[in-house]
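Enquirer: Sharing a model prediction with you, sequence too.
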Amino acid sequence: MTTPSTQDTNPALPPSNPATAGKRSWLSAPPAAPRLPEGEVRRRYPRLRFQVFLGIFIGYAGFYLIRNNISLVAPLLLDSGQLTTVGIGLISNAVLIAYGFSKFFSATISDRSNARYFLPIGLALSAVANLAVAFIPAVSATVVMFATVMFINGWVQGMGWPPSGRVLVHWFSTNERGWKTAIWNTAHNVGGMGVGALAALGLAITGDSWQSAFWVPAVGALVVAAVAFLMIRDRPEAVGLPPIEEHRNDPPKVEADLGEFEQLSYWRIIAKHVLFNRVMVFLALANVFIYSLRYGVLSWSPTYLSEHHGMSLAQGIAGFSLFELAGIFGTLACGWISDKVFRGNRSWTGIAFMVGTGVFLVAYWLAPVGTPYWVLMVLLFFIGAFIYGPVMLIGLQALDMSARHVAGTAAGFTGLFGYVFGATLASTGVGWVVHHFGWGTTYGLLTLSVVLTVVLLLFVLPQEKRLIAHHKSLSEQGR
């Protein structure tokens, strides 16, 4: 165990660097506090770990209350003639593209910022954008203005994942992080259910005023932002506790070289560890195919079931909901399996889940017309359960296989590829392929995405094995 120290161990702003001394802003990651007595450490650590985890869980769920609520009231906007389907598509894509880019660029700031401030500020700003849509008539008067405000909303939405990843890295060590990250990742399912309830409440109390689907969830999000601020703490050292690796005798897979800050600029460090890191590039490319699969099956399931299998719209929407529900079980199972069965090897876990995805995807694709509805629902459930594991796992691998001072940026980099390229392929790309070549070719390409993801994870596997072996060696030395 290392000797307690009051030295500022903030990896983003080392105190030994005279060039950065005295330049700490109010948003900067806080310095290390004097180490608490050992008895106080044992008493406070478990309580604070639970508190900060609950803070990022509730806080991240809050972002999903106000992410892209236009889809909930699209029928009202279409019926009123205020927007066309093209306009709604443009507005929705504005959020998606902004979120993808922001997830990376916000992470570069978040890695050097206080998570206690960063996450609630992003959530509050997103709430303000939604309130503007609801209460400023000029915002919703034209597609351009509506899309611009929703682009801003998508950008500040990107301030949710990076500080959550920072908290997970600093408060939970390597051999437990898979399970903890999986539990946290279900926050988006909780938020997704919450927005439906709040939007329905708003429509009920306002006589179907579409604006209520924006302002009622926004008010809820402001409350959540306040709760998150009260609960989140940036990192253990900032409150007088030892680093989590020391506390649990569980060293990181990748050790941080804080001396880099004395020689390189922050963007050169990012280039070294993220942009030109072959493992991160492989993970980012794998995320493109994973998100293509996720949204390619999910977003088009009502249409596919209706056109190919003759199901009603209500039955198709039920399949959509079942796919999302399955994601909760799949995510939790994947996190537990990656920690307990594969002993922290996320690559093998991801490969296993992708094989499962491929098996049920092909069965769903080849199910003949006339297949019973319940069989199709079972297949959709298992596709959702298997694909949501890798959706969570790629971000976790980026956290695991990066030094802590760039971990959030690395995860944001993979998210950038997933949302901007993968989700775009799933929305416009799948629609184009279906229109010109049919569903058979579409599902053939989705199956190819499974194969390519497995290949990319196999490229990551050797480096992860080396890191796991190094981690095991350090753990044994610490005993």
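Expert: Cool, the structure landed. These numbers were taken from a predicted model, which means no experiment stands behind them. Numbering: from 1, shown residues only.
Enquirer: for the stretch 301-450 of the chain, what are the low-confidence residue spans?
Expert: Applying pLDDT under 70 to the stretch 301-450 of the chain flags residues 313-314, 317, 427.
Enquirer: could you pull out the helices for it?
Expert: Along the stretch 301-450 of the chain, counting by DSSP state H, counting those that start in this stretch, helices occupy 301-309, 313-340, 346-366, 373-400, 407-416, 424, 430-437, 439-478.
Enquirer: Point out the most buried one among these.
Expert: helix 407-416 (a mean of 29; mean count of other Cβ atoms under 10 Å). In this view, the C-beta of every residue, glycine as well, is placed from N, C-alpha and C.
Enquirer: From the contact counts, what lies against that helix?
Expert: helix 85-110, helix 161-171, helix 278-298, helix 373-400 (3 or more Cβ pairs under 8 Å, 6 or more residues apart in numbering; DSSP states H and E).
Enquirer: got CSV for the helices of the stretch 301-450 of the chain, with distance to residue 140 too?
Expert: CSV is the format used below for the helices of the stretch 301-450 of the chain (distance: least, Cβ to Cβ, whole Å):
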stretch, distance to residue 140
helix 301-309, 26
helix 313-340, 26
helix 346-366, 39
helix 373-400, 32
helix 407-416, 29
helix 424, 25
helix 430-437, 26
helix 439-478, 34
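Enquirer: returning to that earlier point: wait, which of the helices and strands packed on helix 407-416 is closest to residue 200?
Expert: Closest to residue 200 of these, according to Cβ to Cβ: helix 85-110, at 19.5 Å.
Enquirer: Which of the residues in the closest one are classified as buried?
Expert: Buried residues in helix 85-110, counting neighbours by 16 or more other Cβ atoms under 10 Å, are found at 87-104, 106-110.
Enquirer: low-scoring stretches of the stretch 151-300 of the chain, by residue?
Expert: Using pLDDT under 70, the stretch 151-300 of the chain drops low at 253-264, 266.
Enquirer: what ranges do the helices span in it?
Expert: Listed in chain order, the helices of the stretch 151-300 of the chain (DSSP H, counting those that start in this stretch) span 161-171, 174-185, 187-206, 212-231, 244-247, 266-270, 278-298.
Enquirer: Out of the ones you listed, which gets nearest to residue 327?
Expert: Using Cβ to Cβ, the helices of the stretch 151-300 of the chain put helix 187-206 closest to residue 327, at 6.2 Å.
Enquirer: Of all the helices of the stretch 301-450 of the chain, which one is nearest residue 162?
Expert: Nearest to residue 162, of those and by Cβ to Cβ, is helix 407-416 at 4.2 Å.
Enquirer: contacts for that closest one?
Expert: 100-101, 103-108, 110-111, 158, 161-163, 165-166, 169, 270, 273-275, 277, 280, 283-284, 287, 394-395, 398-399, 401-402 (Cβ atoms under 8 Å, 6 or more residues apart in numbering).
Enquirer: ok, residue 235 - contacts?
Expert: Counting by Cβ under 8 Å, 6+ apart, residue 235 makes contact with 29, 115, 166, 167, 170, 171.
Enquirer: swap the cut-off to 6 Å and go again
Expert: Residues in contact with residue 235 (Cβ atoms under 6 Å, 6 or more residues apart in numbering) are residue 170.
Enquirer: how about it, phi and psi?
Expert: phi -160, psi 160 (degrees, to the nearest 10).
Enquirer: And residue 401, by the same measure?
Expert: Here residue 401 shows phi and psi, under degrees, to the nearest 10, equal to phi -100, psi 20.
Enquirer: Only C-alpha atoms, please: export stretch 351-371 in CSV.
Expert: The C-alpha trace of stretch 351-371 is given here as CSV (Å, rounded to 0.1, in the frame of the first residue of the first chain):
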residue,chain,number,x,y,z
ILE,A,351,-17.0,-11.4,-29.1
ALA,A,352,-19.3,-13.8,-27.2
PHE,A,353,-22.1,-11.3,-27.2
MET,A,354,-21.6,-10.4,-30.9
VAL,A,355,-21.8,-14.1,-31.8
GLY,A,356,-25.1,-14.3,-29.8
THR,A,357,-26.3,-11.2,-31.7
GLY,A,358,-25.4,-12.8,-35.0
VAL,A,359,-27.2,-16.1,-34.3
PHE,A,360,-30.5,-14.4,-33.4
LEU,A,361,-30.2,-11.7,-36.1
VAL,A,362,-29.9,-14.4,-38.8
ALA,A,363,-32.8,-16.3,-37.3
TYR,A,364,-34.9,-13.1,-37.3
TRP,A,365,-33.9,-12.3,-40.9
LEU,A,366,-34.6,-15.8,-42.2
ALA,A,367,-37.9,-16.3,-40.3
PRO,A,368,-40.4,-17.0,-43.1
VAL,A,369,-43.6,-15.0,-43.6
GLY,A,370,-46.2,-16.5,-41.4
THR,A,371,-43.9,-17.0,-38.5
